[in-house]
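> For reference, the sequence and a predicted model appear below.
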Amino acid sequence: MRLIDTHTHLDFPDFDADRPRVLDSAAARGVERVVVLGVHQANWQRVWDLALADERVYAALGLHPVFLEEHQPDHVSELREWLERLHGHPKLCAIGEFGLDYYLKDLDRDRQQALFEAQLQLAVDVQLPVLLHVRHSHAAVIATLKRFKLPRAGVIHAFAGSWEEAREYLKLGFKLGLGGAPTWPQALRMHKVLPRLPLDAIVLETDSPDMAPAMHPGVRNSPEHLPDIAEALAGIMGTDATTLAAASTQNANALFGWPDAR
């Protein structure tokens, strides 16, 4: 299998002790590229340095809603400066991670919305795809996306919505990011949605070090687990892992504008 992990946080301290080994091990299992996402202004440089240091690593930069209290008004302007300065660099593949999180009740929704829209406007201006965090907020995200004419759409990370919500995202040109969560037996709704999804709608991800799949419970998640995730998801979808992996890789390459690595 040839795989791309479209959503990781390999810059997190969880990987400080063995990051090169993780990348080598993942590559030995067919994971050719990984995307590392920035979540706040303080980690953009670290993410970018990782991308420059390893040919398999690509960077996305954004302001995550969970870190709302850390984000300052000038951070959006700083993000614009980063994106404009790096415009066209092959290692910069997207804006993200950003979006809306209505699960955490103490996060101000109006401030989240303003930050969400500011970054969507950046995506319009610099013509990069977006990698979106959407938790208990599909209706608001879909309504907002319909008001913005994104030139390159993007990925709904860790999609866990309904078939109707999936269909709305697909109409907007988005891919749905699938990882470890649907591999758990209690993910009953996703087990009904997954077989209905077309293969051209899907990209695979781990969200490392979070969202460990059912076959690796209670451990640090890793790009090394992506082949096992693909195997489990393929079984739920009624296809085989090689077919799912090939489709996901093709979709990711098209989304990020990458040539086929073969």
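Happy to help now that I have it. Residues are numbered from 1 along each chain as shown.
> Which residue ranges of the stretch 101-250 of the chain form helices?
109-126, 138-147, 163-171, 188-193, 226-237, 241-256 (DSSP state H, counting those that start in this stretch).
> what's next to the longest one, contact-wise?
Contacting residues not belonging to helix 109-126 are listed as 62-63, 65, 68, 71, 76, 79-80, 83-84, 87, 95, 98-102, 128-130, 140-141, 144-145, 148-152, 154 [CB atoms under 8 Å, 6 or more residues apart in numbering]. Where you see a C-beta, it was placed from the backbone N, CA and C, and this is true even at glycine.
> thinking again about what came up before, and the helices of the stretch 101-250 of the chain: which comes nearest Val34?
helix 226-237 (8.9 Å; CB to CB).
> The longest strand seen in the chain versus helix 138-147: what angle between them?
When the chain is parsed with DSSP state E, its longest strand is strand 92-101. With axes from the mean of the first three to the mean of the last three CA atoms, to 10 degrees applied, the angle from strand 92-101 to helix 138-147 works out at 130 degrees.
> can you give me the offset of strand 92-101 from its chain's centre?
How far strand 92-101 lies from its chain's middle: 8 Å, per CA atoms, centre = their mean, to the nearest Å.
> Output the contacting helices and strands for that strand.
Contacts defined by 3 or more CB pairs under 8 Å, 6 or more residues apart in numbering; DSSP states H and E place strand 92-101 against strand 31-37, strand 57-61, helix 73-85, helix 109-126, strand 130-135, helix 138-147, strand 154-157.
> Which other helices and strands does the shortest one contact?
If you count contacts as 3+ CB pairs under 8 Å, 6+ apart, strand 154-157 packs onto strand 3-8, strand 92-101, strand 130-135, strand 175-178.
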